[in-house]
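Asks: need a 3D model of the sequence below.
(2 chains)
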There are 2 protein chains.
Amino acid sequence: MKKQWIIPLVLLFCCIGCAAHPPVNTVTQTSTIDVLLAGGYDGDMTCGELLGHGDFGIGTFDRLDGEMIVLDGQVFQVRADGRVYRPPAGLKTPFAAVSRFEADKSVGLSNLDYPGLQQVLDREISDPHLFYAIRIAGRFSKMHTRSVPPQEKPYPPLAEVAATQPEFEMEDVSGTIVGYRCPAYVKGINVPGYHLHFISDDRKQGGHILGFELDEGRAEIDRCNKFVLIMPESAEDRHQLDLSRDRSDELEKVEK
Amino acid sequence: MKKQWIIPLVLLFCCIGCAAHPPVNTVTQTSTIDVLLAGGYDGDMTCGELLGHGDFGIGTFDRLDGEMIVLDGQVFQVRADGRVYRPPAGLKTPFAAVSRFEADKSVGLSNLDYPGLQQVLDREISDPHLFYAIRIAGRFSKMHTRSVPPQEKPYPPLAEVAATQPEFEMEDVSGTIVGYRCPAYVKGINVPGYHLHFISDDRKQGGHILGFELDEGRAEIDRCNKFVLIMPESAEDRHQLDLSRDRSDELEKVEK
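Replies: Modelled structure (predicted):
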């Protein structure tokens, strides 16, 4: 190669590198939880675009077709049959949050249920006004999850869908918990507190976590001080949704 | 110049251009309104850094030392004496929101007060769930503003400071209104609805707007669908602030 091409090529790769690498310590989210609670299930951002903002995260899919887990740059879809699918890069999401996972600290865990885990993590978290990405590899004697089935228009509110959600009970399963702890001030935008999904090591089971018994595991915590909200431009129906009222009670029902 | 330097130089300028240019349609904010309401007045982001995120916006300064107006890439500080200062690039802000202003639409205005303006703008706004930067050049028969004096530690809550705020009445003044309309879901993070500051054309008067009589003017509206929240990492005192309760009533008192 000719010598005069070295510098331009280095610069070009720097440019591409900068553009391709999502920023650290930044949670990027498309749309809001209140749009989802109100029945705004039309996807806008593709899974491919989403991966441009992070390699780790959670969400759902177009028409509410299952629970999303993003882990190590791969998107997994736990559908209402309880099975795990690999969605095409063009499949859209109406609501998801992702980040580029780089653990700041790590803590060993044993014999914990979901409330117990939250207590342990709360003690590890220095500032409740920041965002924390949580990744836990572990062995679980019990794991209780749910998913949601795809919806038809006119979309019912999420609380109605969740009332008949399929739930899954796993036993003696190894896998990874993926999710976030968000500050209280995200109310209406995301889920205040913990919001965690699960995927098994064999990539066959998973879902939105309702409860578990963890035997042994390790939590990695990534403190994030930046939050990017991207509101879909194309959401024609959004102005018809009632986003004025407090949906905290509905969120409580849907999450638990 | 030697020919082989042309391509590397073009690439270098592209890189610098990308890095230096804040993104369009993006409101970038440091810290939250609830931190400010709770008395978190220690500045974190410098005015210089802030300008890296936008050329237009509003905020306040370290120790609550006045009202900030960012217009055409220049930062103005309306202090408690009612006069306008040009702060040094190193002065920090505890709370500010900025964007790169590029008007999407423009509307002529005449004979309006503050509530009347809000009605006109609300009709121009297509989606209340997005953010809108508002810039209005006009002639005002009356303009009523306030500023706030710098505080000493332990900082009192903002509602206490605002109870004795200096207010300013201008007559027959030409100037620019600078600010945002934020969606309802930013409650706790920013000010839902309109939050507008003013600076006179002669750059001698201004402040946080409490009311006005506009004779004639033109509003430019920049629709923004991205919101970036940067929480200061260094806010040692933040975890001592009570950010759990709803401060909507305090905000109402402080804003009006």
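Asks: let me know the pLDDT of A:Gln236.
Replies: Wrong residue type there; residue A:236 is Glu, not Gln. We note a pLDDT of 61 for A:Glu236 in this prediction.
Asks: what packs against the longest strand seen in chain A?
Replies: As assigned by DSSP state E, the longest strand anywhere in chain A is strand A:206-224. For strand A:206-224, the packing partners by 3 or more Cβ pairs under 8 Å, 6 or more residues apart in numbering or on different chains; DSSP states H and E come out as strand A:67-71, strand A:74-78, strand A:105-113, helix A:114-124, strand A:131-146, strand A:167-182, strand A:193-200. Quick note: C-beta positions are derived from backbone N, CA and C, even for glycine.
Asks: what comes up buried for the third one?
Replies: So that's strand A:105-113. By 16 or more other Cβ atoms under 10 Å in any protein chain shown, the buried positions in strand A:105-113 come out as A:109, A:112.
Asks: packing partners of that strand?
Replies: With 3+ Cβ pairs under 8 Å, 6+ apart as the test, strand A:105-113 has helix A:114-124, strand A:206-224 packed against it.
Asks: just checking, what packs against the first one?
Replies: Helix A:114-124 makes packing contacts with strand A:105-113, strand A:131-146, strand A:193-200, strand A:206-224 when contacts are defined by 3+ Cβ pairs under 8 Å, 6+ apart.
Asks: these: which one's closest to B:Arg181?
Replies: Nearest of the helices and strands packed on helix A:114-124 to B:Arg181, taken as Cβ to Cβ: strand A:131-146 at 25.4 Å.
Asks: related to what we said a few turns ago, tell me which of the helices and strands packed on strand A:206-224 sits most buried.
Replies: strand A:67-71 (a mean of 25; mean count of other Cβ atoms under 10 Å in any protein chain shown).
Asks: what's that one in contact with?
Replies: A:50-51, A:54-61, A:75-78, A:93, A:96, A:98, A:135, A:145-148, A:176, A:178, A:197-199, A:206-208 (Cβ atoms under 8 Å, 6 or more residues apart in numbering or on different chains).
Asks: sheet-wise, list the partners of it with their directions.
Replies: strand A:56-60 (antiparallel), strand A:74-78 (antiparallel) (DSSP bridges).
Asks: now the residue nearest the centre of chain A, nearest residue through space, not along the chain?
Replies: Centroid check for chain A by Cα atoms, centre = their mean gives A:Ile58 as the closest residue, at 1.3 Å. Nearest-residue entry for A:Ile58: A:His197, 4.6 Å, with adjacent residues in sequence omitted and distances by Cβ to Cβ, 6 or more residues apart in numbering or on different chains.
Asks: check the spacing between that neighbour and B:Val228 real quick.
Replies: Distance, A:His197 to B:Val228, by Cβ to Cβ, to the nearest Å: 25 Å.
Asks: do A:Asn111 as well
Replies: Relative to B:Val228, and taking Cβ to Cβ, A:Asn111 is found at 40 Å.
Asks: check A:Glu250 too.
Replies: Applying Cβ to Cβ, the value for A:Glu250 to B:Val228 is 28 Å.
Asks: so which of these two has more stuff around it?
Replies: Counting neighbours by other Cβ atoms under 10 Å in any protein chain shown for A:Glu250 and for B:Val228 shows that B:Val228 has the greater number, 22 against 19.
Asks: verify the stated contact: the more buried one with A:Phe227.
Replies: Yes: judged on Cβ atoms under 8 Å, B:Val228 makes contact with A:Phe227 at a distance of 7.3 Å.
Asks: counting by contacts, list what the helix or strand that the longest strand of chain A is followed by packs against.
Replies: Once the chain leaves strand A:206-224, the next helix or strand it forms, by DSSP states H and E, is strand A:226-230. Using 3+ Cβ pairs under 8 Å, 6+ apart, the elements in contact with strand A:226-230 are strand A:26-30, strand B:226-230.
Asks: for B:Ala38, find the nearest of the ones you listed.
Replies: The minimum distance between B:Ala38 and those falls on strand B:226-230, with 16.5 Å, by Cβ to Cβ.
Asks: residues making contact with the closest one?
Replies: For strand B:226-230, contacts defined as Cβ under 8 Å, 6+ apart pick out A:225-231, B:23, B:25-32, B:45, B:53, B:131, B:186, B:189.
Asks: now these: which count as buried?
Replies: Neighbour counting by 16+ other Cβ under 10 Å classes A:225-231, B:25-32, B:45, B:53, B:131, B:186, B:189 among the contacts of strand B:226-230 as buried.
Asks: check contacts around A:Gly54.
Replies: By Cβ under 8 Å, 6+ apart, the contact set of A:Gly54 is A:22, A:26-28, A:70, A:98-101.
Asks: what's the burial count for the closest residue to it other than its chain neighbours?
Replies: Leaving aside its sequence neighbours, A:Gly54 sits nearest to A:Val98 (Cβ to Cβ, 6+ apart; 3.2 Å). When counting by other Cβ under 10 Å, one arrives at 30 neighbours for A:Val98.
Asks: measure stretch A:122-139 end to end?
Replies: Distance across stretch A:122-139, first residue to last, is 21 Å (Cα to Cα, to the nearest Å).
Asks: A:Val161: neighbouring residues, count only.
Replies: As a burial measure, A:Val161 scores 18 neighbours (other Cβ under 10 Å).
Asks: which elements pack onto the helix or strand hosting it?
Replies: Per DSSP H and E: A:Val161 is located in helix A:158-162. Under the contact criterion of 3+ Cβ pairs under 8 Å, 6+ apart, helix A:158-162 touches helix A:33-37, helix A:248-255.
Asks: comparing the ones you listed, which yields the minimum mean pLDDT?
Replies: Lowest mean pLDDT of those: helix A:248-255, a mean of 85.
Asks: what's that helix packed up against?
Replies: Helix A:248-255 sits against helix A:33-37, helix A:158-162, with contacts defined as 3+ Cβ pairs under 8 Å, 6+ apart.
Asks: pick the most deeply packed of the ones you listed.
Replies: helix A:33-37 (a mean of 25).
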